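Asks: sequence plus predicted model, see below.
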Amino acid sequence: MNSNGSTQTQELKRMSANGNRVPPGPKGLPLVGVSFNLLQDPLELMRRVTREYGDIVRIPVILQSRILLNHPDYIQQLLLFQQSRFHKSTLTKETTERLLGQGLLISEGDFWRRQRRLAQPAFHRHRINEYAPTMLDCAEMKARDWRDGDTRNMAEEMMELTLEAAVRTLFGTTLPGEAQQVGRAMTFLMRYSLRRARAPLRIPAGWPTPKNRRATKEFGFLDSLVYRIIEERKAQGNGNRHSDLLSMLMGAMDEDGTQMTPRQLRDETMTLFLAGHETTALTLSWTWYLLSQNPAAEARLHEELRGVLGERAPGVADLERLPYLNAVISEVLRMYPPAYIMARTSIAPSSFGGYDFPVGSTMMVSQWVMHRDARYYDDPDSFRPERWLDGLAGRLPAGAYFPFGDGPRRCIGQGFALLESALVIGALAQRFRFELVPGTVVAPEPLVTLRPKNGIRMTIHAR
Ligand code: HEM
């Protein structure tokens, strides 16, 4: 293929071979489509094209195009009814494979099914509930560290909190001094991997550029940490029963009596670690930001906590008596979904909305776009937790709200994340109010997850 233009023409021909129709979409620049707009502001671009072109949009990017599906039915089709025709997209894999290996997030087929079966028992509700004291303890550690009037970057604070919780629930032990180093390594590697995946031209990972050298060092550090803990656990033997996630994965046995190899354990641990702490930290960070901008919602939350808990810390049994707290979390995950986009690549022909797509098509669905669609949410850009109190979840069409994905690849850690969020928000909002430092501009930065660009600087007020 000698030019990008001819590649796109060929692709169009392939797409229209059966149905003779291709979805509408922006044209962009001749060679690169809308790649630059996508790099600059993917959130705005996605909302704009769905407004202009409807529920199924063809977005041209370098050498190929992506199909953005923006109707609940199509989202259900992709994630549930036609899911066997799709794999996680090569985009996702390229971004994360070196970090996560063949972990649950990106593995496929029979291998994924076996790993999911082995990991699932560790995420049963009664197991997850056992982590509640650890989660509360991590919130308490932060609370002890804060003084009335302190100014902190709440995005960093929440990352530290969930990192500590992830380390302790995964490994059942704290790694003094190492938890922060793990956080720094993960953050660097995520940015590094994403830049590489999005770059039009890629310098080979083996070339000794400063970034590549640092990546090699950080990968080495994380790998040796996980292998060391696996070895420690093995040395302690079965007599020493642990209830942490890693021990449960180590003990999990398939019907044929086989267990995970150290490499599989490493990949799954890294996956749970990454998928678990970052997304939950973002949920917490966006919560403090949104509450600070919506004093009526903040007051109502404080009132509910005072009424139900008084002075005592929340426990698992309290959570069903805290409907407003749960509504706040649902609303935060609607407006700032940490997983804001998901992509799949077809391994068999598929069809959506009357359009036929050949093998190799890349489909995207975006929580960011769908969750702010005025057809399903009144006043979608406003933070209104109340909307969840009158049965909205039951009225929404399936596919209109999917912060944890859907279908067989739905998030395995949903219960874990919701429990941790509720306990931490409950425990901290009981004792503190967080005020945005005047002049701070908070904007979402769409990396692998939806992060607050430049963090969220807030003043902490004791209540
Ligand atoms: C608010 C927090 C969280 C959000 C918003 C979130 C979101 C998601 C989403 C959207 C998916 C599906 C991705 C896809 O289908 O392409 C997913 C998958 C996954 N999540 Fe989460 N997640 C969260 C917390 C967690 C936690 C706490 C853990 C683990 C402790 C976790 C582990 C995983 C794993 C392993 C998968 C892959 C599951 C599979 O394919 O079998 N997540 N998550």
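Replies: Looks like it arrived, so ask away.
Asks: pretty sure Arg387 is touching Glu331, no?
Replies: Yes. Judged on C-beta atoms under 8 Å, Arg387 makes contact with Glu331 at a distance of 7.0 Å. Just so you know, the C-beta spots here come from the backbone N, C-alpha and C atoms, and that holds for glycine as well.
Asks: those two - which one has more neighbours?
Replies: Glu331 (25 against 18; other C-beta atoms under 10 Å).
Asks: not counting its neighbours along the chain, what's nearest the more buried one?
Replies: Spatial nearest neighbour of Glu331, chain neighbours left out: Pro385 (4.4 Å); criterion: C-beta to C-beta, 6 or more residues apart in numbering.
Asks: now swap in Gly149 and tell me
Replies: In space, Gly149 is closest to Thr459, 6.6 Å off (C-beta to C-beta, 6+ apart).
Asks: residue contacts, the one you found?
Replies: Taking C-beta atoms under 8 Å, 6 or more residues apart in numbering as the criterion, Thr459 is in contact with Gly149, Asp150, Thr151, Phe434, Glu435, Val437.
Asks: which ones are touching the last one?
Replies: Applying C-beta under 8 Å, 6+ apart, we find Val437 in contact with Thr151, Arg457, Met458, Thr459.
Asks: same check, this time on the third one
Replies: Thr151 makes contact with Val437, Arg457, Met458, Thr459, Ile460, according to C-beta under 8 Å, 6+ apart.
Asks: which residues touch the residue lying closest to Gln115 once chain neighbours are set aside?
Replies: In space, and not counting its chain neighbours, Gln115 is closest to Leu104: 5.6 Å by C-beta to C-beta, 6+ apart. When contacts are counted by C-beta under 8 Å, 6+ apart, Leu104 touches Trp112, Gln115, Arg116, Ala119, Glu268, Thr271, Leu272, Ile412.
Asks: and Leu104, helix, strand or coil?
Replies: Put simply, Leu104 is coil when judged by DSSP: H, G, I helix; E, B strand; the rest coil.
Asks: same check on Glu445?
Replies: Assignment for Glu445 (three-state DSSP): strand.
Asks: that one touches Gly455, doesn't it?
Replies: No. With contact defined as C-beta under 8 Å, Glu445 does not reach Gly455; the gap is 10.1 Å.
Asks: those two - which one has more neighbours?
Replies: Gly455 (17 against 11).
Asks: ok, the more buried one touching Met154?
Replies: Yes. In this structure, Gly455 is within contact of Met154 by C-beta under 8 Å, at 7.4 Å.
Asks: residue ranges for the strands of the stretch 151-300 of the chain, please.
Replies: 151-153 (DSSP state E, counting those that start in this stretch).
Asks: which residues of it lie near the ligand?
Replies: Thr271, Leu272, Ala275, Gly276, Thr279, Thr280, Thr283 (C-beta under 6 Å from any ligand atom).
Asks: mind listing which of those residues are in helices?
Replies: Among these, the members falling in helices (DSSP state H) are Thr271, Leu272, Ala275, Gly276, Thr279, Thr280, Thr283.
Asks: count of residues packed around the fifth one?
Replies: Neighbourhood size, Thr279 [other C-beta under 10 Å]: 23.
Asks: my guess is it meets Pro337, correct?
Replies: No. Counting by C-beta under 8 Å, Thr279 does not reach Pro337; the two are 9.2 Å apart.
Asks: list the buried residues of whichever strand or helix holds Glu44.
Replies: Using DSSP states H and E, Glu44 maps to helix 42-53. Residues of helix 42-53 classed as buried: Pro42, Leu43, Leu45, Met46, Arg47, Arg48, Val49, Thr50, Tyr53 (neighbour count, 16 or more other C-beta atoms under 10 Å).
Asks: helices of the stretch 51-200 of the chain, start to end?
Replies: 72-76, 90-100, 109-119, 125-129, 132-145, 154-171, 178-198 (DSSP state H, counting those that start in this stretch).
Asks: tilt between the longest one and helix 154-171?
Replies: Okay, so that is helix 178-198. 110 degrees (axes from the mean of the first three to the mean of the last three C-alpha atoms, to 10 degrees).
Asks: try the third one
Replies: Computed with the same axes, to 10 degrees, the direction of helix 109-119 lies at 80 degrees from that of helix 154-171.
Asks: which residues touch helix 109-119?
Replies: 102-104, 107, 249, 252-254, 260, 264, 268, 408, 412.
Asks: quick one, what contacts Ile460?
Replies: Counting by C-beta under 8 Å, 6+ apart, Ile460 has contacts Trp146, Arg147, Asp148, Gly149, Asp150, Thr151, Arg152, Phe432, Arg433, Phe434.
Asks: point out where the stretch 151-300 of the chain drops to low pLDDT.
Replies: 173-177, 198, 200, 238-242 (pLDDT under 70).
Asks: OK, now which residue of the stretch 101-250 of the chain is nearest to the ligand?
Replies: For the stretch 101-250 of the chain, the residue closest to the ligand is Leu104, as judged by C-beta to the nearest ligand atom, at 3.9 Å.
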